[in-house]
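A.B. asks: Based on what follows, work out the 3D shape:
(chains A, B and C)
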Amino acid sequence: MIIREVTLLGHKDHGKSTLIGNMLILTKTVTKDRIDSAKRMSERLGRAFEPGFLLDSFEEEQEDAMTIDTTRAQIMHGGKAFEFIDVPGHEELIKNMISGASHARFAILVVSAKSREGIRTQTKRHLFIAKMMGIEKVVVCVNKMDTVGYSQIRFVKISNELKEFLERIGFGRNSVFFVPVSAYNGDNILKLSDKMEWYKGKPLLDALSSLSPKKPDNKRPLRFIFQGSIESGKKSLCIGNVASGLLKNGSEIVVSPNLMEYSVGEIFTKGKRVGSAKAGENAALLLHPEPKEDLRGMVGSGKESVVLGKREFNALVFSTETIPKEAKIRINGMDHECAIEIMEEIDTSTGMRKKSSVIRPLEAGMAHFRVSSPVCVEPFSVSEQIGRFTIYKKEQFVGLGVVQ
Amino acid sequence: MIKQNVDQLEEKSVYVIREAASRFKKIAALWSMGKDSTAMLAIARKAFLGKVPFPVIHIDNGIDFPESYKFRDDLAEKWGMEVIVAKSKIKPEISGYSCCGSNKTVALKKVLAEYGFEALIVSIRRDEHAVRAKERYISPRDRDFKWDYKNQPAEVWNSYSSKLDNKGHLRVHPLLDWNEIDIWSYIKKNKVPINPLYYSNNGYRYRSLGCTHCTVPIKSNAKSIDAIIKELESTKVEERSGREQDKEKAYIMEKLRSLGYM
Amino acid sequence: MAAINRNALSDIEKILHENPSKKNWERVQSALKQSGAKYYEVVYAVGGIKREDDLRKSIVRIFDSKRKLLGELPVFSSEKKDFDGALYYLRKLVQRPRA
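C.D. replies: As a prediction, this is how the structure comes out:
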């Protein structure tokens, strides 16, 4: 069963955890043990049973009724399996949100329709980050419809405002769906609610079922990312991952950035010798001649489409701390010292760009990176695994970047 | 419980184990002879083409099941594994968590100090317990083995953590994405040897293995892996229901983990 | 297979109850095999094991293949300052099936 990973997005207290919690209950996924345990916890805290408790398991999370770190829940619906990644909605916890969301291809944005809530900072910021990280489709749940009398006007108002923003940051019309829900009451989650007869779309779980994951990139140019080497008997084999394309036994590859040529003598996947390795597979390779250096972090490609090592490149950056002028980037397990020159700052809640030499925390921007030693990168839109990196200042995570 | 694509899960686990072994020369794995850690070692064997290239640590409190000891010695010989037996004492203030927790932690700390291991492969899964769902694939521990669960480092894409400080170590969790039923599917598909206690004996089997003191069997007639899988597909009870310690508060588990053991 | 010899296990019992050192546990291994011992069942002290002492109060019952009780052994090994659980020494046995 292929699992479709879906990250939740949204401002704090708009109902992300409650939504997942209630999905678990409505689809009868969660065991009685878990519901009982969550009920006991609610009683202990003197609260009414909160579906979000099924997920929030840290003592602090339940006591304060907030999600601190990402957590996951698996649900089956319509013959498909989903893994929902719940994330915190508080601004201070963005790096936890990024960690969770980085595993998903789809997202559910939860935005509260309640008056005085509505579209908030994190609502848009989360969407911006999601687009940056490669999330393909978003289902927008306009939540707490029960607090606004299930008003169609309110739903349309919020949807329209978001549509504009979503298009501006690059989500086309076919990649966004809008569903009015009440996470707490369960309206429009599993079944269409009789309280919103004006809504002609699908309930949430059905809308999710129509999202299909990307197929593996077998037809794209070969990109083999080296992880290191292992000994097997007297032989030394290189290990790595086929990020895209197909690696065939007997073929010739060029390893960048040094542009050394090797021929592939043997390929092992899943512990057995095979004729080829496809996208997504980890492989051990016997190369001729035997490499004299450690290939970790390097990229192997076919002669027709060689990856070039770059000393400088531009990247779209999101910062969790101020982006420093000197930092190190981590890409495919290797760290590279670099100098960063910021060109633009992008306001994540409007998508507006302006010339700037600074990217403040929790904003995005365009920056020019100059690395001390050549690194194999390609634009994120061409090759995700070699187009994305994280940025560190003295072992502290300060942001992420996607190559343009 | 959802059956996932075991091939895909295996690829991720192989990647994480190879990544950890490539970055940390001084690495070892914890082995409890349970199904998860044994499956993990089977995966490691495939990843390293027929051998387990790092030592395997068994934290032994002396009252593990005799079957587990035998299984340990037999498999260690068959697979040519270097097993480090770290002795822990049974001296708890309260039974249950503290027993498993504090004393195993002490034994583990000793081994880490003695051998200088920088990273430890631990076979926890997200679906085992709500708190485990918060773990990272590679997660730092400080010198006191504490897990700063409220302030975990970011783990974005395949950008894994480095050590926290010179005295700390890293926990590597290659099986995070696996469900209980996936482990069994893998064991069946790859004919991984498992502890005979998992099979039904006279109407009972062990779904989860701790030591003889606090592990209780469940009613079952499953005598083969197929039968175990079938049972899991229709089960409504959480895996660790036979472990007395789990009846205690959920967040004690988290305190336990933040103390350095599971 | 030799006839079940109750005397063999009572010798083992005597040795181990008197001095359950690691050496003695090793010494009795072949006698244990010859006694026809097949199943074990640990009976822990009432109230659970909280201290070394509780382990000393616990015992492990040994049965033959017909589930007949052959004898009772300690659950620990002890030698000067070294104290440890001893179920490792029963690793050739199998847990007694529940009735």
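
A.B. asks: before we move on, which element is residue C:10 in?
C.D. replies: Secondary structure from DSSP states H and E places residue C:10 in helix C:6-18.

A.B. asks: Tell me how far the residue nearest the centre of chain C lies from chain B.
C.D. replies: The centroid of chain C falls nearest to residue C:73 when counting by C-alpha atoms, centre = their mean (3.5 Å). Using C-beta to the nearest C-beta, to the nearest Å, we find residue C:73 at a distance of 12 Å from chain B. Backbone N, C-alpha and C define where each C-beta goes, glycine included.

A.B. asks: ditto for residue A:274
C.D. replies: Residue A:274 is 13 Å from chain B, by C-beta to the nearest C-beta.

A.B. asks: need the contact list for that residue.
C.D. replies: Listed by C-beta atoms under 8 Å, 6 or more residues apart in numbering or on different chains, the contact set of residue A:274 reads A:249, A:267-268.

A.B. asks: closest to residue A:313 among those residues?
C.D. replies: Minimum separation from residue A:313 among the contacts of residue A:274 (C-beta to C-beta) is found for residue A:267, which lies at 30.9 Å.

A.B. asks: re the thing from before, quick one: the helix holding residue C:10 near chain B?
C.D. replies: No - applying C-beta under 8 Å from any C-beta of the partner chain, one finds helix C:6-18 out of contact with chain B, separated by at least 14.6 Å.

A.B. asks: list the buried ones in that helix?
C.D. replies: By 16 or more other C-beta atoms under 10 Å in any protein chain shown, the buried positions in helix C:6-18 come out as C:8-9, C:12-13, C:15-16.

A.B. asks: And for that helix, what's in contact with it?
C.D. replies: So helix C:6-18 is contacted by C:24-25, C:27-28, C:31-32, C:34-35, C:37, C:62, C:70-74 (C-beta under 8 Å, 6+ apart).

A.B. asks: Same check on stretch A:304-311?
C.D. replies: When contacts are defined by C-beta under 8 Å, 6+ apart, stretch A:304-311 is touched by residues A:221-223, A:254, A:256-259, A:299, A:301, A:370-371, A:374-378, A:386.

A.B. asks: Please list the members of the residues you listed that lie in helices.
C.D. replies: Within those, membership in helices is found for no residue, as judged by DSSP state H.

A.B. asks: Show me the shaky parts of chain C.
C.D. replies: Applying pLDDT under 70 to chain C flags residues C:1-8, C:98-99.

A.B. asks: Out of the contacts of helix C:6-18, which is nearest to residue A:111?
C.D. replies: residue C:74 (66.0 Å).

A.B. asks: how many other residues sit next to that closest one?
C.D. replies: Using other C-beta atoms under 10 Å in any protein chain shown as the criterion, residue C:74 is surrounded by 19 other residues.

A.B. asks: State the distance from it to chain B.
C.D. replies: Here residue C:74 is placed at a distance of 12 Å from chain B (C-beta to the nearest C-beta).

A.B. asks: Contacts only, for residue B:16.
C.D. replies: Residues near residue B:16 by C-beta under 8 Å, 6+ apart: B:137-138, B:172-174.

A.B. asks: count of residues packed around the residue lying closest to residue A:22 once chain neighbours are set aside?
C.D. replies: Closest residue to residue A:22 in three dimensions, ignoring its sequence neighbours and counting by C-beta to C-beta, 6 or more residues apart in numbering or on different chains: residue A:51, at 4.5 Å. Number of residues near residue A:51 (other C-beta under 10 Å) recorded here: 24.

A.B. asks: Need the phi and psi values for residue A:51.
C.D. replies: Main-chain torsions, residue A:51, degrees, to the nearest 10: phi -50, psi -30.

A.B. asks: Cross-check the contact I'm expecting between it and residue A:26.
C.D. replies: No - the pair residue A:51 / residue A:26 is not scored as a contact, 9.4 Å apart, by C-beta atoms under 8 Å.
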